[in-house]
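>>> predicted coordinates and the sequence they were generated for:
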Amino acid sequence: MISLAKTPGRDFIVLNLSDPQLGNGEWESGHRNRRILTETVDILLERVRPDLITVSGDLSWAGDDDAYDAFAAFLESKNIPWTVVWGNHDNQNGPETVERVVTRYLTLPHFLYERGPAEIGNGNFVIRIEEDGKPVEGLIMMDSHDRAPYTAPDGNTTEAWAKLTPPQLAWYREQIAALEEAGCHDSTIITHIPIYAYREASAAAFRAGCDKKAVEPQHSQASYGWNHGYESSFGVEWEGISSYPADEGALDAILESGSTKHVLVGHDHVNNTVIAWRGVILAFSLKAGPGCYWDPRLNGGTVLTVTSDGMAGFRHEYVDPTPWLA
């Protein structure tokens, strides 16, 4: 496990950037998309002043080595610890492509990472946030892979978005046990592809018949008319939830653990809901920049606040990209 120190009496702040996903050409000097992403991150850093930057996947496109290096050089220049989980596009050319990036990134002084067991993916590891030597929060970084076979009820098998696998969930239980043994009773999963429970949470929380695309994100908590019991929810769902189509058992493992109270994902670029489902906060991160596809109204990052008692919650920090759209 990686350990980071929290200053007593002060919150530990994590800034999550999701799906930056610029390709090689977009990182060229003067490219509009590069400017939007870098200006967005610079504004976020000035506002948030994080202790740690996390990236919840899809840093670029597998094989675009120049883009991975450019993004890393940009984050390194900020002199703030940073780490990643890999997304489906990072993984799409196989583990050797990810390992090539990892090998370079591990030479960087501010990059935090552990490869983890190779048989369960690329980069499954835990960051312990400690106060006075005692862990108060565990950030459980999990690789959600790329694609996985899915057999529909009619017997047809297709390739679907991937999932956390049974060996990964066994590894997760081991990490929770280690955190508990160390006296840490609160943890957060950061991964890329949403777990199946996000579909269940959405179905439970949204009022039947509501027009999900008609509400602006900053008014989402009040305007949706969330179902009873979900009034604390916020964020928008402007596209379908791209999880594995069947329950992979992740939520059951989380509930059994009694430790993980928050899950943060990326992947769906125009979803940023934060919904409490069965006692667990299931959140989509705000997307950073215009890479791949986006909506300028959903540009920015997601802030995680860790107190002496663990994760206090998430909030979205929006950055208006209008000045750089021309």
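All right, it came through fine. Numbers count the residues shown, from 1 in each chain.
>>> pLDDT value on the nearest residue to Thr188 once chain neighbours are set aside, please?
On the basis of CB to CB, 6 or more residues apart in numbering, the spatially nearest residue to Thr188 that is not a chain neighbour turns out to be His262, at 4.3 Å. In this view, the C-beta of every residue, glycine as well, is placed from N, C-alpha and C. pLDDT recorded at His262 is 98.
>>> tell me the contacts of His262?
If you count contacts by CB atoms under 8 Å, 6 or more residues apart in numbering, His262 has them with Thr188, Ile189, Val280, Ile281, Ala283, Leu304, Met311, Gly313, Phe314.
>>> and these, which are buried?
Burial by neighbour count, judged by 16 or more other CB atoms under 10 Å, picks out Thr188, Ile189, Val280, Ile281, Ala283, Leu304, Met311, Phe314 from the contacts of His262.
>>> strands of the stretch 101-250 of the chain, start to end?
125-131, 134-141, 147-151, 157-161, 187-190 (DSSP state E, counting those that start in this stretch).
>>> helices or strands up against the shortest one?
Contacting strand 187-190 under the criterion 3 or more CB pairs under 8 Å, 6 or more residues apart in numbering; DSSP states H and E are the following elements: strand 134-141, helix 166-181, strand 260-265, strand 310-318.
>>> quick one: secondary structure of the residue nearest to Lys78 when sequence neighbours are not counted?
The shortest distance from Lys78 to any residue that is not its chain neighbour, by CB to CB, 6+ apart, is 6.1 Å, and that residue is Leu45. What DSSP: H, G, I helix; E, B strand; the rest coil gives for Leu45 is helix.
>>> per-residue pLDDT of Leu45, please?
99.
>>> surely it touches Leu15?
Yes - taking CB atoms under 8 Å as the definition, Leu45 is a contact partner of Leu15 at 7.2 Å.
>>> so for these two, which sits in the more crowded spot?
Leu15 (25 against 16; other CB atoms under 10 Å).
>>> among the helices and strands of the chain, which has the poorest mean pLDDT?
Within the chain, no helix or strand scores below helix 220-223, which has a mean of 84 by mean pLDDT, DSSP states H and E.
>>> if I pick the nearest residue to Phe314 once chain neighbours are set aside, what's in contact with it?
Closest residue to Phe314 in three dimensions, ignoring its sequence neighbours and counting by CB to CB, 6+ apart: Ala283, at 5.0 Å. Contact analysis of Ala283 by CB under 8 Å, 6+ apart lists Gly235, His262, Val263, Leu264, Val265, Asn272, Thr273, Val274, Ile275, Thr302, Phe314.
>>> at 7 Å what do you get?
Contacts of Ala283 were listed using CB atoms under 7 Å, 6 or more residues apart in numbering, and they are His262, Val263, Leu264, Val274, Phe314.
>>> same question for Leu264.
Asn16, Ser56, Thr188, Ile190, Ala283, Ser285, Thr302, Phe314.
>>> pull the CA atoms of the helix or strand where the residue nearest to Phe314 lies into CSV?
Secondary-structure element containing Ala283, defined by DSSP states H and E: strand 280-284. Backbone C-alpha positions of strand 280-284 (Å, rounded to 0.1, in the frame of the first residue of the first chain) are rendered in CSV as follows:
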residue,chain,number,x,y,z
VAL,A,280,-23.3,3.7,-0.7
ILE,A,281,-22.6,6.9,-2.6
LEU,A,282,-22.3,6.0,-6.3
ALA,A,283,-20.9,9.0,-8.3
PHE,A,284,-19.8,9.8,-11.8
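>>> who does it pair up with?
strand 260-265 (parallel), strand 274-277 (antiparallel) (DSSP bridges).
>>> highest mean neighbour count out of the ones you listed?
For the strands paired with strand 280-284, average neighbour numbers computed from mean count of other CB atoms under 10 Å are highest in strand 260-265, which has a mean of 25.
>>> now that strand and strand 134-141, what's the angle there?
For strand 260-265 against strand 134-141, the angle by axes from the mean of the first three to the mean of the last three CA atoms, to 10 degrees is 40 degrees.
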